[in-house]
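Peer 1: Make a model of this:
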Amino acid sequence: MTETTPKVLVKEKVGPSGIEALRDAGFEVDLGLDWDDETFLAKLPEYDGVLIRSATTFTPELIERATNLKVIGRAGVGVDNVDIDAATKRGIIVVNAPQSNVVTAAEHTVALMMSLARNIPRANEGMHQGRWERSKLSGVELYGKTLGIIGFGRIGQLVAERAQGLAMNVIAYDPYVSAERYKELGVEKAEDSDAIYAVADFITIHLPKTPETTGWLGTDAFAKVKKGVRVLNVARGGLIDEDALKVALDAGQVGGAALDVFPSEPVTEHVLQGYDNVILTPHLGASTAEANDRAGFQAAEQIVAALTGGTVTSAVNAPAVGKEDLEVLTPFVPLATRLGRIATELAGGSSVERIEVEALGRIAERDVRPLSLAVLRGALQGRTEEIVNDVNAPGIAKERGIEISETTRTQARDFTDLVRVTVVSGGERHRVVGTTLGRNDRPHLLEAWGQRFNLQLEGNLVILRYVDQPGMVGRIGALLGDRGVNIEQAAVGYHQDAEGTRGGHAVMVITTDKPVSAESLEEILAQEGFADGRSISL
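Peer 2: Purely as a prediction, here's the structure:
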């Protein structure tokens, strides 16, 4: 054993394939499953890599003691038990296994759907209790039925493939998947979730958990669904309003439900316990021997890549970029993230086909990948099942059929540096432009919805397009004031022809002291003269 042979500690129980992958790479591997804290702290400085699951927490203090550590591997999806900032500062790569449970989750979804259709849990329980209830448990076929999928990322697409194998019709809604991707998979593209409610016999939801998606399937949705629909949630607790679901089940509007995840876990008492047409499982979506083994193997593969100079594909902290480039580009990263979010919100279509990133000025002389990655994070964060980071963002975009382009030009009109972001959605182009200004490099928005202005980007943003006529600015202030919202900054851009004559629509960009709710925005847009608007929390 030479001094240069990497040493890796497997601190928690993983499948044997993960340990074999590390040993096959020629590493010295120690198993510390039964180590106490004192032993772990004493021996940690010896290791180049550590493979963990969820029980080991890498705090900044622990990372500081790991003087030789180069990579931490998490055999699973989440990395909440590792302080990413502390690891990044020490140059430690943190990797996970983001695809380890996607097949398992998709299969569990299909298993629950089939169980709902054929009343399998009730039939099994009755037989074990000595009851023959054949006449009571007639089910429905999946053949020819329509499955509606809300959230069409990795797991949603795998569910679609399996449902098609059962000869089901599949319709899906996800505005952050390109129309071309739907065509490739032979899935009907819904323009909104209402289109799914109108036709689906089964609805499964695969969205990330955000303030916007919480309670997605609630009272309003259940009022629109096809009577007798069966709904499933194997994604995140809280995506279905369980109290509203109870009301819909009691009324017969919803014919059945299967829940694997809950707002608070573990759950021993639930509002739907005892319902014959409800299946409850204790968060089994990722619980298979294969998924557990796959998680250890994928994390081990990434540790091998990190320690041998290979390609690390699932790092959750930033990839390496030259120090000089980072010094120049770092102030523009928050700007790029916000521009990506704003451009995507302004597009507001039913699909995103392409995202174009342009760097102009002195920043164009650098490796601008951090800016493109920041734009992708802003465009995708909170809209996908997985957490988006600098490493997985391009892969997530590719899976969703979103093309990415990056161009540079060393000249920038009117400013030293500019970042332009264009989102192509439904064949339309939506461009935003920004820069940083001042000693503190504050991000500023310079263009949106075809109009130019200059406004510092911070907090809560409202963008309104309205008829360019006297008194509209005052009306906007009054309308927001009536809803208890204070305007902190405001800028207006308006159309002007070659002779200097104003006309058409103007655009106002506002920052406010609190978010403007969707309900308040709808009330404002219902007023005469308002054409469109967005409320965006940055």
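
Peer 1: C-alpha only now, for contacts and for neighbours.
Peer 2: Noted.

Peer 1: any idea how far residue 34 is from residue 448?
Peer 2: With the distance defined as C-alpha to C-alpha, to the nearest Å, residue 448 ends up 58 Å from residue 34.

Peer 1: in the lengthiest helix in the chain, what counts as buried?
Peer 2: Counting residues, the longest helix found in the chain (DSSP state H) is helix 289-308. Going by neighbour count (16 or more other C-alpha atoms under 10 Å), the buried part of helix 289-308 is 291-307.

Peer 1: List of residues touching that helix?
Peer 2: Applying C-alpha atoms under 8 Å, 6 or more residues apart in numbering, the set of residues contacting helix 289-308 from outside is 6, 14-19, 21-22, 25, 48-49, 51, 70-76, 93, 95-97, 99-101, 104, 286, 310-314.

Peer 1: OK, contacts around residue 404?
Peer 2: By C-alpha under 8 Å, 6+ apart, the contact set of residue 404 is 354-357, 397.

Peer 1: Need phi/psi at it.
Peer 2: Main-chain dihedrals, residue 404, degrees, to the nearest 10: phi -120, psi 130.

Peer 1: what about the strands in the stretch 1-150 of the chain?
Peer 2: Here the stretch 1-150 of the chain has its strands, by DSSP state E, counting those that start in this stretch, at 7-10, 28-31, 49-52, 71-74, 93-95, 146-150.

Peer 1: Alpha carbons of the first one, as PDB, please.
Peer 2: Once non-C-alpha atoms are left out, strand 7-10 reads as follows in PDB (Å, rounded to 0.1, in the frame of the first residue of the first chain):
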ATOM      1  CA  LYS A   7      -8.200   6.200   1.700                       C
ATOM      2  CA  VAL A   8     -12.000   6.100   1.900                       C
ATOM      3  CA  LEU A   9     -14.200   5.700   5.000                       C
ATOM      4  CA  VAL A  10     -17.600   4.100   4.700                       C
END
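
Peer 1: Tell me how far it lies from the chain's centre.
Peer 2: Its chain's C-alpha centre and that of strand 7-10 lie 32 Å apart, by C-alpha atoms, centre = their mean, to the nearest Å.

Peer 1: now swap in the longest one and tell me
Peer 2: Distance of strand 146-150 from its chain centroid, counting by C-alpha atoms, centre = their mean, is 19 Å.

Peer 1: I would like the residues contacting the helix or strand following that strand, please.
Peer 2: Per DSSP states H and E, the first helix or strand lying C-terminal to strand 146-150 is helix 154-165. Applying C-alpha under 8 Å, 6+ apart, the contact partners of helix 154-165 are 102-103, 105-107, 109-110, 147, 149-150, 169-170, 185, 187, 206, 385, 399.

Peer 1: tilt between helix 154-165 and strand 146-150?
Peer 2: Relative orientation of helix 154-165 versus strand 146-150 (axes from the mean of the first three to the mean of the last three C-alpha atoms, to 10 degrees): 170 degrees.

Peer 1: partner strands of the helix or strand following helix 154-165, parallel or antiparallel?
Peer 2: Next helix or strand after helix 154-165 toward the C-terminus (DSSP H and E): strand 169-173. Strands flanking strand 169-173 in the sheet, each with its direction: strand 146-150 (parallel), strand 188-189 (parallel) (DSSP bridges).

Peer 1: Packed most tightly, which of those strands would that be?
Peer 2: Stretch with highest mean neighbour count among the strands paired with strand 169-173: strand 146-150 (a mean of 25; mean count of other C-alpha atoms under 10 Å).

Peer 1: could I have that one exported to CSV, CA atoms only?
Peer 2: Extracted C-alpha coordinates of strand 146-150, given in CSV (Å, rounded to 0.1, in the frame of the first residue of the first chain):
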residue,chain,number,x,y,z
THR,A,146,-56.4,8.6,-19.2
LEU,A,147,-53.6,9.3,-16.8
GLY,A,148,-52.9,12.9,-16.0
ILE,A,149,-49.4,13.7,-14.8
ILE,A,150,-48.8,17.1,-13.1
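
Peer 1: now the helices: where do they sit in the stretch 251-400 of the chain?
Peer 2: 289-308, 323-329, 333-347, 369-380, 393-399 (DSSP state H, counting those that start in this stretch).

Peer 1: What of the stretch 401-538 of the chain?
Peer 2: In the stretch 401-538 of the chain, the segments counted as helices under DSSP H, counting those that start in this stretch are 472-482, 518-525.

Peer 1: just for this structure, where's the confidence low?
Peer 2: Along the chain, segments meeting pLDDT under 70 span 1-3, 318-322, 496-503.

Peer 1: what does the domain assignment say about it?
Peer 2: Here the domain parsing of the chain from automatic domain parsing is 7-99+290-308, 102-280, 322-448, 455-538.

Peer 1: picking up where we left off before, quick check on the contacts of helix 154-165: which are buried?
Peer 2: The neighbour count (16+ other C-alpha under 10 Å) marks 102-103, 105-107, 109-110, 147, 149-150, 169-170, 187, 206, 385 as buried among those.

Peer 1: So which of those is the closest to residue 240?
Peer 2: Checking the buried ones among the contacts of helix 154-165 against residue 240 with C-alpha to C-alpha, the nearest one is residue 206 at 10.9 Å.

Peer 1: so who does that closest one touch?
Peer 2: Per C-alpha under 8 Å, 6+ apart, neighbours of residue 206: 149-153, 155-156, 233-236, 385.

Peer 1: still on that earlier bit, how about the longest helix of the chain as PDB, C-alpha atoms only?
Peer 2: Coordinates of each C-alpha in helix 289-308 appear next as PDB, following Å, rounded to 0.1, in the frame of the first residue of the first chain:
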ATOM      1  CA  ALA A 289     -33.200  -3.000  -1.900                       C
ATOM      2  CA  GLU A 290     -32.300  -2.000  -5.400                       C
ATOM      3  CA  ALA A 291     -32.700   1.800  -4.700                       C
ATOM      4  CA  ASN A 292     -30.600   1.500  -1.500                       C
ATOM      5  CA  ASP A 293     -27.900  -0.500  -3.300                       C
ATOM      6  CA  ARG A 294     -28.000   1.900  -6.300                       C
ATOM      7  CA  ALA A 295     -27.600   4.900  -4.000                       C
ATOM      8  CA  GLY A 296     -24.400   3.500  -2.500                       C
ATOM      9  CA  PHE A 297     -23.000   2.500  -5.800                       C
ATOM     10  CA  GLN A 298     -23.700   5.800  -7.500                       C
ATOM     11  CA  ALA A 299     -22.200   7.800  -4.700                       C
ATOM     12  CA  ALA A 300     -19.200   5.500  -4.700                       C
ATOM     13  CA  GLU A 301     -18.700   6.000  -8.400                       C
ATOM     14  CA  GLN A 302     -18.700   9.800  -7.800                       C
ATOM     15  CA  ILE A 303     -16.100   9.400  -5.100                       C
ATOM     16  CA  VAL A 304     -13.900   7.400  -7.400                       C
ATOM     17  CA  ALA A 305     -14.200  10.100 -10.100                       C
ATOM     18  CA  ALA A 306     -13.400  12.900  -7.700                       C
ATOM     19  CA  LEU A 307     -10.300  11.200  -6.300                       C
ATOM     20  CA  THR A 308      -9.000  10.000  -9.700                       C
END
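
Peer 1: distance between that helix and the chain's centre?
Peer 2: Put simply, helix 289-308 sits 23 Å off its chain's centre (C-alpha atoms, centre = their mean).

Peer 1: re earlier: residue 250 is nearest to which of the helices of the stretch 401-538 of the chain?
Peer 2: Of all these, helix 518-525 sits nearest to residue 250, with 28.4 Å by C-alpha to C-alpha.
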